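# turn this into a model:
(one chain, ligands or ions: 1)
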Amino acid sequence: MEMRIPFSAPEITEADIEAVVSVLRTPRLSMGPRMAEFEESVAEVAGVSHGVAVSSGTAGLHLCLSALDIGEGDEVVLPSFTFIAAGNAILYRRATPVFADIDPVTLNLNPESLEKRITPRTRAIIVVHTFGHPADLDPILDIARKHALPVIEDACEAIGAQYRGRNVGGFGDLGVFAFYPNKAITTGEGGMVVTHDSGLADTIQALRNQGRRAADDWLEHSLLGYNYRLSEMNCALGVAQIKRLGGILETREALAIRYSKELQKMPEVIVPPLIIEGGRLSWFVFVVRLASQFTRSHRDSIWQQLTARGIGCGRYFPPLHRQPLFAEFAHPGDDLFVTERIADRTLALPFFNRLTEEQIAEVCGTLQDALRSIPKRAAQADSAESGRKT
Ligand SMILES: Cc1ncc(COP(=O)(O)O)c(C=O)c1O
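Reported below is the predicted structural model:
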C-alpha cells in the first residue's frame, strides 16, 4: 500500500542523476574508476586503509565470515535484536548463530551477555550499531582480545556514527556498510567491507569476483567465489551521495530532535537518546518504544492504525531467535529478557531526509490518537516481577 507519509525515501539530487548518467556514456560499467573512488571514500569515512565494494550489506557480511574461514561447527555470537542479514550470513557458512542480549538504552550488544555466550567453539563476534547508535565497543573489544576472537562490525545502519570520537566501521577486524535506499547514503543496492588488514581485503576482493585472486587471469579462479560485484552506476551514485554525508547526518539529526520535542508531551512514548558521550549517532531510523505497560498487541494495534492512515512505520526488529528460520538455535535457557521485552514495544516512525516538520507533527498527532485508543492499564507485573526494567 502506498503511504501518504512514507516510512523511508531516498534523497536523489540532480548531481546524483548526472553522476550515474555520465557512467552510461562510458564503456566501463563494472570494476572501473567509480568503484575505486567509492571504495576510497568509504574507507576514509571508516578511517581504514581498505574498502571493498560489494553488491549488498548481506553479501559483505557473508564475505567477512568466508574470509575468516568460519564454517560448520563454529559459533558466532551476535545480538538477537537485529536485522536478519547477519544471522543469514552465519547460516550461509553452515556455522551456528549464538544469540546475546542487548542494552536497554543503546539497543546494542550487552558485553556481559556476550561474554556469557562465549564457548570453546566461538570463532567470531558480530557487533551491530543498531539504528545508527554506536555500540559500546571498548568492553566488547576487550572481551574479543581476551578470547582471541575477531570482531565484525555490522555498521550497515551507521555510516558516520562515532564512538569515542572515531567513526565506526574501523574498530573491529572487519566492518560492513550497506546502501539500500532506506539508508543515509544509498547506491540503490550495495555494500562495502572495510578493514585495516590487507590480507583480508585481498581475499574479500577475490571472493566478490568469482574467486579470482589479484594474480589470477579472468578465467582462473583460486577460490570458491561469488559474483558480489557492485556496478559503476551504483558506485557513481555512492560517490555523489557520500560527498554530502556531513549535511545528511545533520539533517537527520535535526529531524530526530524535532521528533523528540513533539513526543515530549507523550509519557507513554520513550524516545531514543539524542546525545552520547564522546560519540555521535548516525540516524538511520527513528525508533520509539512504548512504555512498559504496553504489550506487543498494543504496539501492533498502533502500527495498524498509523498504517491505515497512510503513515508508513515499522516494527523493528522481531528478534532473530523468534524467527522460524532460527528456531533451532533458540534455547529456553538463553537470557534474552531485554531483547524480548523491548522488541515487543518498538515502533519505527517515518524517517527520511525530506521529512517536513508538518509531517512529523502529523505522525506524532496520529500516534497520540492511536495511544488514546488503548485502554489505560496500570504498569504490568511482568517487568516489575523480575525487578528488571526495560
Ligand atoms: C543491521 C543491518 N545489517 C545488514 C543489513 C543488510 O544490508 P543489505 O540490505 O544491503 O543486504 C541491513 C540492511 O538493512 C541492516 O540493517
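# excluding chain neighbours, give the residue nearest to Phe83 in space.
Phe317 (6.2 Å; C-beta to C-beta, 6 or more residues apart in numbering). Every residue, glycine included, has its C-beta placed from N, CA and C.
# I misspoke; the intended subject was Glu357.
In space, Glu357 is closest to Arg258, 6.1 Å off (C-beta to C-beta, 6+ apart).
# how about the contacts made by the closest residue to the ligand within the stretch 201-350 of the chain?
Closest to the ligand within the stretch 201-350 of the chain is Phe284: 7.3 Å, counting by C-beta to the nearest ligand atom. Contacts for Phe284 (C-beta atoms under 8 Å, 6 or more residues apart in numbering) come out as 131-132, 157-158, 182-184, 351.
# hmm, try it at 6 Å
Shown in contact with Phe284 (C-beta atoms under 6 Å, 6 or more residues apart in numbering): 131-132, 157.
# do Leu68 as well
So Leu68 contacts 124, 150 (C-beta under 6 Å, 6+ apart).
# again with Asn167
Asn167 touches 45-47, counting by C-beta under 6 Å, 6+ apart.
# quick check, central residue of the chain?
Nearest to the mean C-alpha position of the chain, counting by C-alpha atoms, centre = their mean, stands Glu157 at 3.3 Å.
# not counting its neighbours along the chain, what's nearest that one?
Closest to Glu157 by C-beta to C-beta, 6+ apart is Phe284, at 3.9 Å.
# around the ligand, which positions in the stretch 151-300 of the chain sit nearby?
154, 156-157, 178, 180, 191 (C-beta under 6 Å from any ligand atom).
# and those residues, which of them are in strands?
Here DSSP state E is the test, and these give 154, 178, 191 as lying in strands.
# among the residues you listed, who's most crowded?
Highest neighbour count within those: Asp154, with 31 neighbours (other C-beta atoms under 10 Å).
# report the separation between the spatially closest residue to it that is not a sequence neighbour and the ligand.
Leaving aside its sequence neighbours, Asp154 sits nearest to Val128 (C-beta to C-beta, 6+ apart; 4.2 Å). Separation of Val128 from the ligand (C-beta to the nearest ligand atom, to the nearest Å): 5 Å.
# so what's Val128 up against?
Val128 touches 79, 82, 154, counting by C-beta under 6 Å, 6+ apart.
# CSV for these, including distance to Leu114 and pLDDT?
Shown next, in CSV, are these (distance: C-beta to C-beta, whole Å; pLDDT from 0 to 100):
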residue, distance to Leu114, pLDDT
Pro79, 9, 98
Thr82, 13, 98
Asp154, 14, 98
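# give the closest residue to the residue in the stretch 1-150 of the chain that the ligand sits nearest to in space, chain neighbours not counted.
The ligand sits closest to Gly57 of the stretch 1-150 of the chain, with a gap of 2.6 Å, by C-beta to the nearest ligand atom. The spatially closest residue to Gly57, leaving aside those adjacent along the chain, is Ala178, at 2.7 Å (C-beta to C-beta, 6+ apart).
# wait, that neighbour sits on Ala155?
No - using C-beta atoms under 6 Å, Ala178 is not in contact with Ala155, being 8.5 Å away.
# ok, which stretches of this protein are strands?
Going by DSSP E, the chain shows strands at 50-54, 75-79, 96-100, 122-128, 151-154, 162-163, 166-167, 174-178, 191-195, 269-270, 286-290, 346-349.
# that older thread, tell me the one of the contacts of Asn167 nearest Ile242?
Of all the contacts of Asn167, Ile242 sits closest to Val45, with 7.0 Å by C-beta to C-beta.
# compare the contacts of Asn167 and tell me which is most surrounded.
For those, neighbours tallied by other C-beta under 10 Å; top is Ala46, 27 neighbours.
# what's the nearest residue to that one if we skip its chain neighbours?
Gly169 (3.3 Å).
# ok, the one you found - contacts?
46, 153, 155, 175, 194.
# same thing but at 7 Å, please
46, 48, 153, 155, 175, 177, 194 (C-beta atoms under 7 Å, 6 or more residues apart in numbering).
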